[in-house]
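Trainee: need a 3D model of the following:
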Amino acid sequence: MKPSFEELLKPICQEMGVDILAVKLHGSGSSRKTLRVTIDGVGGISSVVLESVSRALSLQLDAYDNVDDAYMLEVSSPGLNWPLETEDDFRRHMNELLQVNMEDGQSFTGECHEVNDGFISLQNVKGKSHQLAIESIVKAVRIVDWKKKNKEKKVFS
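Mentor: Next up is the predicted model:
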């Protein structure tokens, strides 16, 4: 029995310090198939890491022939709109600015400073912390803090 794509790729990703978020084979019939692998890591994924992981995964996939037809490998980062749903998701994006929508209709924007026992601690720009139950979050995504990015840019210029 052939191992699943995720079983083949997960050890390599772990060795390279990234997490697999999704593995999907797209295309059917006579159309060319695309194997899409979405990866993420603490602080996000750089283009250098994407390239390295893509090469390593390609070598692993070439060693195993899991697909009868030709396919194209596509390795990508999740992007800003990828939903954060698990404690691991929130841990990867500690100290990053998040937009969080709750079941009760409340919305919070702030930096994630702690993840523990099913809760995240989100601190808004005024310094107020909110303890939010992950199970009550409807949607949580990363957002860009342009003020912070511009300050970092000036420091390194």
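
Trainee: and H130, how many neighbours?
Mentor: A total of 15 residues lie near H130 under the criterion other CB atoms under 10 Å. From N, CA and C alone the C-beta is placed, and that goes for glycine too.

Trainee: no wait, S129
Mentor: Neighbours of S129 (other CB under 10 Å): 13.

Trainee: contact partners for G44?
Mentor: Contacts of G44 were listed using CB atoms under 8 Å, 6 or more residues apart in numbering, and they are 77, 93.

Trainee: same check on R36?
Mentor: Taking CB under 8 Å, 6+ apart, we find R36 in contact with 22-26, 74, 76.

Trainee: repeat that with 6 Å
Mentor: Contact analysis of R36 by CB atoms under 6 Å, 6 or more residues apart in numbering lists 24, 74.

Trainee: partner strands of the particular helix or strand that has it in it and their direction?
Mentor: Using DSSP states H and E, R36 maps to strand 33-40. Here strand 33-40 is paired, per DSSP bridges, with strand 19-26 (antiparallel), strand 71-76 (parallel).

Trainee: tabulate these (JSON lines), appending mean neighbour count and mean pLDDT.
Mentor: Shown next, in JSON lines, are the strands paired with strand 33-40 (neighbours: other CB atoms under 10 Å; pLDDT from 0 to 100):
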{"stretch": "strand 19-26", "mean neighbour count": "15", "mean pLDDT": "92"}
{"stretch": "strand 71-76", "mean neighbour count": "16", "mean pLDDT": "90"}
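
Trainee: for those, give me TSV that also has distance to D62.
Mentor: Below are these laid out as TSV (distance: least, CB to CB, whole Å):
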stretch	distance to D62
strand 19-26	16
strand 71-76	10
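
Trainee: which stretches of the chain have low pLDDT?
Mentor: Applying pLDDT under 70 to the chain picks out residues 1-2, 29-30, 65-69, 146-157.

Trainee: where do the strands sit along it?
Mentor: Secondary structure of the chain, counting by DSSP state E: strands at 19-26, 33-40, 71-76, 97-102, 107-116, 119-123, 129-133, 137-142.
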